[in-house]
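Novice: predicted model, plus sequence, below.
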Amino acid sequence: MRYVVWLVRLLVFVLVLMFALNNTGAVDVRFYGDYYLTGVPLIVVMLVVFVLGAVFGLLLAMGSVMRRNREIKRLKREITRLEDEIRYPAGTTSPEAPETVAPLAPL
């Protein structure tokens, strides 16, 4: 399976490389207003747009990833609490309860 994944990656890389090499012509990039660049290779424009899109997509996904991580931490705390309830049912003292600590001898 590992070899198939690497073969697919290599195939995608070769296809993207061939596409890039076929699109090296110079283009004019016009921004808002009177700002523009002339003679920029098309592959550079495509690479910049791809990187900006990837960064924007990661920023959009970061909110849901952070929310999912908070939920996982909350559920782990809940599991720990429930495991403690199973180990030390109501009416028994847990090892960290103050009743189990021996009192200090008077001086």
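Specialist: On my side now, so go ahead.
Novice: all strands for this structure, in order.
Specialist: Along the chain, the stretches classed as strands by DSSP state E are 26-30, 36-41.
Novice: alpha carbons of the shortest one, as PDB, please.
Specialist: Pointing back at strand 26-30 there. The C-alpha trace of strand 26-30 is given here as PDB (Å, rounded to 0.1, in the frame of the first residue of the first chain):
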ATOM      1  CA  ALA A  26       4.300  36.100 -19.300                       C
ATOM      2  CA  VAL A  27       1.000  37.700 -18.100                       C
ATOM      3  CA  ASP A  28      -0.100  41.000 -16.800                       C
ATOM      4  CA  VAL A  29      -1.500  41.000 -13.200                       C
ATOM      5  CA  ARG A  30      -3.900  43.900 -12.500                       C
END
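Novice: per-residue confidence for Met1?
Specialist: pLDDT, Met1: 87.
Novice: and for it, the neighbour number?
Specialist: 5 (other Cβ atoms under 10 Å). Backbone N, C-alpha and C define where each C-beta goes, glycine included.
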